[in-house]
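K.L.:
sequence? don't have it. structure:
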């Protein structure tokens, strides 16, 4: 039984969670928790997930937005990690090609850089083999002249040549949503804005959680045979509730990315390059912008609200001017930015950039299963590890048997093209259909690329309800995305829409400012908000815009 993934059906979902004992309760709605939900559901477990914020509101919407093969891990001799994430990258692409785009990345080889020409060639060769890169995407080495022809903005002074290899750009929040939607479509339950206040125990073993619905204030208890802690930066908080925070602990680091309009930084290709302090950063073109990151600094503040400081912003401006000196970037050119927190597993004596990105699973005396660390690219393998462990426990304790992981061949919501090779023709056909419905070609393209094979539902919304869009001063594009988000993607707040359902807060801040008033007006009508509630959501959206555009002196 699946219930429509909509806040309009929230009371029905809450009733199901309260009344139906689960095999597995997942706490945490980032990409790791979402992956666990889908894996457990496809194996036949009765599973539910709760997230105290919006889905993907933490680390899973604030990454470098790459499903990448982990070239940097080769430098740290993490051979197995390179092999694993490289293989996973190909699986993620086939399962959700609308969310994942292969791009040719340039690795400049510079004087006194991390890699010389020979080592770059060897390293990329090993990377191709370990990551099982397909023949058409294997690396090539470029002369200085060839590199400058490909990317004229590169600094010619120190350039010696370049490597060219493929990385995969993604929309991290959308990937998380498509995993969740697929799990819910198959019968799983998932709720955002639901906080696990305490864990519930029976005979010393964790047997569920006491939850608060942060939208209504209602509290209730969910029973589950197994509870999984997939809360990212908050895993130690839940371990503390479980009185099991001993041994290894989290080490939080902050990563900031800045966004620049193409007119000021007309980057043609993604570039992964050395900066003066010995680190490497990415510069990546996307949707008429370029984004640059990341910083990597120790973080001790609130994981919910990391801020971009002026020091973070200025560091990345300097990084751009170091490799692309003709751009003459200034802080005034930065349109927007985001800051995220990485939940790494602490290693004594290591600097933030040196700490391994490996994941680990901890099982407490009470039976709480915690997954910590890891990378976006490895979400499916992390889920497999957790769900296989839980399956073996359920088998030994209750005599139930479950199959091995099935998600390698589970296409995600929006990804039902019949393989990535079929996507281009599908996109062309659907964009033409959108223009026939009155959308501009660029509007239709944005919608089709974002929603993939779910686009038919959005087009039906336009066909059947376009008059309502005009009534609220919304374009057909914005209206379709908004209604679809409310009815099919558990959209709750205007910030959810502008940050995680569309990505506009980071990449199209002017679009956010243009549409914020009619979006709030429509949502207030749809959800019957009081004047006080509407004001709260307006204030929250204003705060999010400030967070994305105003750098602070120092972290609070």
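P.N.:
Now that the structure is in, tell me what you want to look at. Here the structure is a predicted model, which is why all the values come from computation and not from measurement. Residues are numbered from 1 along each chain as shown.
K.L.:
for the stretch 1-150 of the chain, which spans come out with low pLDDT?
P.N.:
1-3, 69-83, 113-116, 118-119, 122, 130-132 (pLDDT under 70).
K.L.:
how about the strands in it?
P.N.:
22-27, 47-50, 100-110, 140-143 (DSSP state E, counting those that start in this stretch).
K.L.:
okay, the ones you listed in CSV with mean neighbour count and distance to residue 245 next?
P.N.:
Where you see a C-beta, it was placed from the backbone N, CA and C, and this is true even at glycine. Putting the strands of the stretch 1-150 of the chain into CSV (neighbours: other CB atoms under 10 Å; distance: least, CB to CB, whole Å) gives the following:
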stretch, mean neighbour count, distance to residue 245
strand 22-27, 27, 15
strand 47-50, 27, 21
strand 100-110, 21, 36
strand 140-143, 16, 48
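K.L.:
want to throw those into a markdown table with distance to residue 457?
P.N.:
Output for those, formatted as a markdown table (distance: least, CB to CB, whole Å):
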| stretch | distance to residue 457 |
| --- | --- |
| strand 22-27 | 26 |
| strand 47-50 | 23 |
| strand 100-110 | 21 |
| strand 140-143 | 41 |
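K.L.:
among those strands, which is nearest residue 154?
P.N.:
For the strands of the stretch 1-150 of the chain, the distance to residue 154 is smallest for strand 100-110, at 5.8 Å, taking CB to CB.
K.L.:
mind listing residues that contact the closest one?
P.N.:
67, 71, 92-93, 115-117, 120, 124, 137, 142, 147, 150-151, 154-155, 158-170, 175, 269-274, 284, 323 (CB atoms under 8 Å, 6 or more residues apart in numbering).
K.L.:
can you check stretch 318-333 too?
P.N.:
Judged by CB under 8 Å, 6+ apart, the contacts made with stretch 318-333 from elsewhere in the structure are 108, 153-155, 157, 260-261, 264-265, 267, 271, 273-276, 281, 283, 292, 310, 313-314, 317, 551.
K.L.:
one more time with 6 Å, if that's ok
P.N.:
By CB atoms under 6 Å, 6 or more residues apart in numbering, the surrounding residues in contact with stretch 318-333 are 153, 155, 260, 264, 265, 273, 275, 281, 292, 313, 317.
K.L.:
for the fourth one, what are its contacts?
P.N.:
With CB under 6 Å, 6+ apart as the criterion, the residues that contact residue 264 are residue 333.
K.L.:
not counting its neighbours along the chain, what's nearest the spatially most central residue of the chain?
P.N.:
For the chain, the residue nearest the mean C-alpha position is residue 172 (2.4 Å; CA atoms, centre = their mean). Across the structure, with CB to CB, 6 or more residues apart in numbering as the measure, the residue nearest residue 172 apart from its sequence neighbours is residue 63 (4.8 Å).
K.L.:
residues near the one you found, how many?
P.N.:
The burial count assigned to residue 63 is 24, neighbours taken as other CB atoms under 10 Å.
K.L.:
next: residue 485.
P.N.:
Neighbour count for residue 485, taken as other CB under 10 Å: 21.
K.L.:
hang on, it packs against residue 491?
P.N.:
Yes. Between residue 485 and residue 491 a contact is recorded at 3.5 Å, counting by CB atoms under 6 Å.
K.L.:
surely residue 194 touches residue 50?
P.N.:
Yes. With contact taken as CB under 6 Å, residue 194 and residue 50 are classed as touching, separated by 4.1 Å.
K.L.:
what's the weakest-modelled helix or strand in this protein?
P.N.:
Evaluated with mean pLDDT, DSSP states H and E, the helix-and-strand set of the chain has its lowest mean pLDDT in helix 71-75, which scores a mean of 62.
K.L.:
what's the separation between the residue of the chain most remote from its centre and residue 520?
P.N.:
Among the C-alpha atoms of the chain, the one farthest from their average position, using CA atoms, centre = their mean, is that of residue 203, at 37.8 Å. Using CB to CB, to the nearest Å, one obtains 49 Å as the distance from residue 203 to residue 520.
K.L.:
what lies in contact with stretch 501-515?
P.N.:
Counting contacts by CB under 6 Å, 6+ apart, the residues outside stretch 501-515 that touch it are 171, 287, 289, 335-336, 338, 478, 485, 489, 491, 498-499, 548.
K.L.:
and what of stretch 461-480?
P.N.:
The set of residues external to stretch 461-480 that reach it, using CB under 6 Å, 6+ apart, is 437, 438, 439, 443, 458, 483, 515, 518, 521, 522.
K.L.:
hmm, which of those residues are the buried ones?
P.N.:
With burial judged by 16 or more other CB atoms under 10 Å, the buried subset of those is 439, 443, 458, 483, 515, 518, 522.
K.L.:
distance of the closest residue to residue 244 other than its chain neighbours from residue 24?
P.N.:
Once flanking residues are discounted, residue 244 sits nearest to residue 364: 3.4 Å by CB to CB, 6+ apart. As judged by CB to CB, residue 364 and residue 24 stand 16 Å apart.
K.L.:
please apply the same query to residue 112.
P.N.:
From residue 112 across to residue 24, the span is 51 Å (CB to CB).
K.L.:
and the residue nearest to residue 244, what's its pLDDT?
P.N.:
For residue 364, the pLDDT comes out at 96.
K.L.:
and it, how far from residue 227?
P.N.:
Taking CB to CB as the measure, residue 364 and residue 227 are separated by 10 Å.
K.L.:
residue 422 belongs to a helix?
P.N.:
Yes. The assignment for residue 422, made by DSSP: H, G, I helix; E, B strand; the rest coil, places it in a helix.
K.L.:
all further residue positions should be reported with the first residue as 52.
P.N.:
Okay, using 52 as the starting number, the last item reads as residue 473.
K.L.:
circling back: quick one, phi psi at the residue nearest to residue 223?
P.N.:
Here is the backbone geometry of residue 114 (degrees, to the nearest 10): phi -90, psi -170.
K.L.:
report the separation between it and residue 414.
P.N.:
From residue 114 across to residue 414, the span is 27 Å (CB to CB).
K.L.:
could you pull out the strands for the stretch 202-351 of the chain?
P.N.:
Taking DSSP E, counting those that start in this stretch as the criterion, the stretch 202-351 of the chain carries its strands at 210-221, 240-242, 245-253, 256-264, 270-280, 301-312, 322-325, 331-337, 340-344, 348-349.
K.L.:
ok and the first one relative to strand 331-337, angle-wise?
P.N.:
What it means is strand 210-221. For strand 210-221 against strand 331-337, the angle by axes from the mean of the first three to the mean of the last three CA atoms, to 10 degrees is 60 degrees.
K.L.:
buried residues in strand 210-221?
P.N.:
By neighbour count, and taking 16+ other CB under 10 Å as the criterion, the buried residues in strand 210-221 are 210, 212, 213, 214, 215, 216, 217, 218, 219, 220, 221.
K.L.:
would you turn the strands of the stretch 202-351 of the chain into TSV with distance to residue 137 and mean pLDDT?
P.N.:
Formatted as TSV, the strands of the stretch 202-351 of the chain follow (distance: least, CB to CB, whole Å; pLDDT from 0 to 100):
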stretch	distance to residue 137	mean pLDDT
strand 210-221	10	90
strand 240-242	29	98
strand 245-253	35	98
strand 256-264	36	98
strand 270-280	26	98
strand 301-312	22	95
strand 322-325	15	92
strand 331-337	17	95
strand 340-344	22	97
strand 348-349	28	92
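K.L.:
nearest to residue 409, out of those strands?
P.N.:
In terms of CB to CB, the element of the strands of the stretch 202-351 of the chain nearest to residue 409 is strand 301-312, at 12.5 Å.
K.L.:
packing partners of that closest one?
P.N.:
Using 3 or more CB pairs under 6 Å, 6 or more residues apart in numbering; DSSP states H and E as the contact test, the elements touching strand 301-312 are strand 340-344, strand 385-396.
K.L.:
next one: that strand to chain centre, how far?
P.N.:
Strand 301-312 has its C-alpha centroid displaced from the chain centroid by 13 Å (CA atoms, centre = their mean, to the nearest Å).
K.L.:
in its sheet, what does it sit against?
P.N.:
Next to strand 301-312 in the sheet, as set by DSSP bridges, lie strand 340-344 (antiparallel), strand 348-349 (antiparallel), strand 385-396 (antiparallel).
K.L.:
what about the strands in the stretch 402-551 of the chain?
P.N.:
For the stretch 402-551 of the chain, the strands identified by DSSP E, counting those that start in this stretch occupy 410-414, 420-424, in order along the chain.
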